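Enquirer: I need the structure of the sequence given here:
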Amino acid sequence: MESDSNDIEMAGSSSAQASAAPSAASQKAIAEAWVAGTITSAQAITHSDHPFFVKSTNLDGFKYKYPEAKPTPEGEDDQVWNKTYTAADSRMYNKNGKDANQSRKFRLSGETYKLTLRIHLENKQKYASKQANPLAPPGGDASAPKAPPKPKAPSTKTSSFSMNDSSSDMRDLAAGMIPMSISEKIKSEGRNRKSSSVAAPSIRDSPGPSATPTMAGPATKAGSPPPPKIEKPAPKKKGTAAPVKKPAPKKGKPDANKPSNISTGTPSTKPPSASDSESNDGGEYCICRGPDDHRMMVFCDGGCEDWYHCSCVSVDEEDAKELLDRFICPKCKTAEKYTTWKRMCRYYNVDKTHRKAARVNDNSKYCSDKCNQDFWAHVASLVRKDDAPSMGGALNAKEVAMLMASIKTAADFHALGKKPRLPVKEGADPNRPVGLDYLSPEEATELDSIKTQKDGIEGEIQGIQNQQKLLKMVHERSIVAANHPSLDVKDICGYDNRLAMNDAEFARWMKTEEGKKAFKTGSLGPRTAETKGIGAIIPYPGQATPAAADVPEALDNICLKGRKKCKHSGWREVHNQDFIFTQTQLRDKLKKLQEKENEIIDDAETREATKEYYADNVTEQLF
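Expert: Residues are numbered from 1 along each chain as shown. Prediction:
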């Protein structure tokens, strides 16, 4: 009876397969078209457990890791596309020396998007190569047709399957299914690997326990390889630390009700749809493109929605906890969007270690009432206790009380200790100093002298900068000359005696046709007959004048000796350092003259602003 029922079941299975043959051919065509990329995943995939199943395409509000990943190709899933785009960006980042700026350029240019399309198609092909039915989920599809079992010859060998395994295999054979291998059973059923059936003998050479009896499994085909052996995993040594994968910061904007968007270390929540191997989409965060390594991170409110290590963006961790109001990363920073900080407690002026935010709701400058009291106690301690007049020094208690009583507004209080200023006249240029209208004749003459000196120094700086350009042109000409075919010396000196001209000779040379052409084209040529005498060495009486060497035009006026044998050793560095040092000295002189000019103008304005005050005061000579 049992064999008859099996025959009936196998016959029914065969008839079902015959009737489903056209459907299988259609599925095969759809699968081939999906792998080739001619149809989309939405058209081909219908099973919700399939890794390429389309849950949403260009869904409003979907957060991509990179904005450049938009839009998701039509008919593909947003989450799958976002992960693939992140992997393509990581490939670009690693391929270009781990340079974040380079990978960002590829994202903006669209190269990363094109690479993502190629990787997405490759992922489909890889999945199809591992699955008999590419349109089925990884666990397989029970409704898919199965190949009929092949008859197997009886064998005398026995397998190590248990009774349950043997009975299940017999049922599979009866249903027309191919029995799974041991490794496939372990993966599909989730059973732990069994340990070895024979225990090792003890130290005292006592016999170990007897082996567990095994049941004979289904007959295997003669000459077929034995089933794979189940290997016992190697036990871990005690005291050996194993790496633990920690979840990465959640990619998304934090709670808006919090005072500041800060992450202290690693948040306890994982990003959605992230596995242990892809918990942070490749582990690339911050401008350093590094992983979440438990350092404090801050969240960007500028639009990129990325996390940044405090140490990478020069934000103190304690200030981030207490004072950070809104953080904008360097990529999102604009004239309208920038990092803002909370107002610091005023007690910081007394104790520099007290870096806390002031109370905002109470419109206070202090973080607590205690700081308010301590600050003013510190201010009161700075006042002199005696009644002697200040005479320009620290004020006593009575003078401070009189001064505070005379102040009506906060602006008057802030103006204490500052020089009086005159208002800008109506219609006057606001950028023009007011003190220029109140200069004395002596001050005006001195300002004219300062302006003349400044013009001369600026002209000298311009001349030094032109000589630097000449040095660059000489260097480029020496490189071209070093590759000339008529040279026997490989490493020539390359010096040009036009670098030896002083300021006056250089000014003369720039006015010649040779100098004008060089600075117009940016390329230096040979010396002409017009400029041969500029900067030339005049021989003393009786000294022989060396004859000009007969060389090609490209090598004219260039030192062709070997670099190590020439007296012009290090001429590039020597001249360049001399130009830099000279410009630094000239700019220091220019700065001092400017400070002197500002001081004269400021004194003239102060004198005019205090004119009425001194008019009401009488100065008496006491001795």
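Enquirer: remind me, longest helix of this structure?
Expert: When the chain is parsed with DSSP state H, its longest helix is helix 441-482.
Enquirer: Now do that one, average pLDDT.
Expert: In this model, helix 441-482 has a mean pLDDT of 95.
Enquirer: what about that helix, distance to the chain center?
Expert: 39 Å (CA atoms, centre = their mean, to the nearest Å).
Enquirer: which helices and strands does that helix pack with?
Expert: If contacts are counted by 3 or more CB pairs under 8 Å, 6 or more residues apart in numbering; DSSP states H and E, helix 441-482 sits against helix 503-511, helix 513-521, helix 571-609. (C-beta placed from N, C-alpha, C; glycine too.)
Enquirer: between that helix and helix 503-511, how many degrees?
Expert: 70 degrees (axes from the mean of the first three to the mean of the last three CA atoms, to 10 degrees).
Enquirer: orientation of helix 441-482 relative to helix 513-521 in degrees?
Expert: Using the same axes, to 10 degrees: helix 441-482 against helix 513-521 is 90 degrees.
Enquirer: and of the helices and strands packed on helix 441-482, who's closest to Ile287?
Expert: helix 571-609 (31.7 Å; CB to CB).
Enquirer: With only the CA atoms kept, save stretch 599-611 in PDB.
Expert: Taking C-alpha atoms only, stretch 599-611 is exported to PDB below (Å, rounded to 0.1, in the frame of the first residue of the first chain):
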ATOM      1  CA  GLU A 599      47.300 107.200  14.700                       C
ATOM      2  CA  ILE A 600      47.600 110.800  13.300                       C
ATOM      3  CA  ILE A 601      44.100 110.700  11.900                       C
ATOM      4  CA  ASP A 602      42.700 109.200  15.100                       C
ATOM      5  CA  ASP A 603      44.400 111.800  17.300                       C
ATOM      6  CA  ALA A 604      42.900 114.600  15.100                       C
ATOM      7  CA  GLU A 605      39.400 113.200  15.600                       C
ATOM      8  CA  THR A 606      39.900 112.700  19.400                       C
ATOM      9  CA  ARG A 607      41.100 116.300  19.700                       C
ATOM     10  CA  GLU A 608      38.100 117.600  17.900                       C
ATOM     11  CA  ALA A 609      35.700 115.400  20.000                       C
ATOM     12  CA  THR A 610      37.100 116.600  23.300                       C
ATOM     13  CA  LYS A 611      37.500 120.200  22.400                       C
END
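Enquirer: quick revisit: mind putting the helices and strands packed on helix 441-482 in CSV, mean neighbour count and mean pLDDT included?
Expert: Shown next, in CSV, are these (neighbours: other CB atoms under 10 Å; pLDDT from 0 to 100):
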stretch, mean neighbour count, mean pLDDT
helix 503-511, 15, 93
helix 513-521, 14, 93
helix 571-609, 14, 95
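Enquirer: Mind putting those into TSV with distance to Asp448?
Expert: Formatted as TSV, the helices and strands packed on helix 441-482 follow (distance: least, CB to CB, whole Å):
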stretch	distance to Asp448
helix 503-511	25
helix 513-521	32
helix 571-609	11
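Enquirer: quick one: which of those is nearest Arg118?
Expert: helix 513-521 (46.4 Å).
Enquirer: Show me the contact partners of the closest one.
Expert: If you take CB atoms under 8 Å, 6 or more residues apart in numbering as the criterion, helix 513-521 is touched by Asn466, Lys469, Leu470, Met473, Trp509, Met510, Leu524, Gly525, Arg527, Thr528, Glu530, Thr531.
Enquirer: still on that earlier bit, out of the helices and strands packed on helix 441-482, which is closest to Arg289?
Expert: Comparing the helices and strands packed on helix 441-482 by CB to CB, helix 571-609 comes nearest, at 35.7 Å.
Enquirer: Check which helices and strands the closest one is in contact with.
Expert: Helices and strands touching helix 571-609, as assessed by 3+ CB pairs under 8 Å, 6+ apart, comprise helix 441-482.
Enquirer: now, which of the contacts of helix 513-521 sits nearest Tyr64?
Expert: Lys469 (48.3 Å).
Enquirer: Provide a list of residues in contact with that closest one.
Expert: Lys469 neighbours (CB under 8 Å, 6+ apart): Phe519.
Enquirer: and if you look at Lys564?
Expert: Asp491.
Enquirer: One more: Ile600?
Expert: With CB under 8 Å, 6+ apart, Ile600 has these contacts: Gly435, Leu439, Glu443, Glu446, Leu447.
Enquirer: what does Ile464 give?
Expert: Phe579, Thr582, Gln583, Leu586.
Enquirer: circling back to that earlier point, only the buried subset of the contacts of Ile600, as a PyMOL command please.
Expert: To isolate the buried ones among the contacts of Ile600 in PyMOL, judged by 16 or more other CB atoms under 10 Å, type:
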select buried, resi 435+439+443+447
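Enquirer: what's the farthest-apart pair in the contacts of Ile600?
Expert: Pairwise distances across these (CB to CB) peak at 13.2 Å, for the pair Gly435 and Glu446.
Enquirer: Just the residues contacting stretch 540-560, thanks.
Expert: Under the criterion CB under 8 Å, 6+ apart, residues 477-478, 480-481, 484, 486-487, 489, 492-498, 525-527, 539, 566, 568 lie in contact with stretch 540-560.
Enquirer: Show me what the mean pLDDT comes to for it.
Expert: Mean pLDDT, stretch 540-560: 79.
Enquirer: Next: stretch 367-379.
Expert: Per-residue scores along stretch 367-379 average to 90.
Enquirer: could I have that stretch exported to CSV, CA atoms only?
Expert: In CSV, the C-alpha atoms belonging to stretch 367-379 read as follows (Å, rounded to 0.1, in the frame of the first residue of the first chain):
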residue,chain,number,x,y,z
CYS,A,367,24.0,80.0,33.9
SER,A,368,22.8,80.3,37.5
ASP,A,369,22.1,82.8,40.3
LYS,A,370,25.2,81.7,42.1
CYS,A,371,27.4,82.7,39.1
ASN,A,372,25.6,86.1,39.0
GLN,A,373,26.4,86.7,42.6
ASP,A,374,30.0,85.5,42.4
PHE,A,375,30.7,87.6,39.3
TRP,A,376,29.6,90.9,40.9
ALA,A,377,31.4,89.9,44.1
HIS,A,378,34.6,89.6,42.0
VAL,A,379,33.9,93.0,40.4
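Enquirer: What are the contacting residues of it?
Expert: With contacts defined as CB under 8 Å, 6+ apart, stretch 367-379 is touched by 345-347, 349-350, 354, 356-359, 364-366.
Enquirer: from the residues you listed, which single one is nearest Tyr338?
Expert: Nearest to Tyr338 out of those is Ala357 (CB to CB; 18.3 Å).
Enquirer: Tell me how many other residues surround that closest one.
Expert: When neighbours are counted by other CB atoms under 10 Å, Ala357 registers 19.
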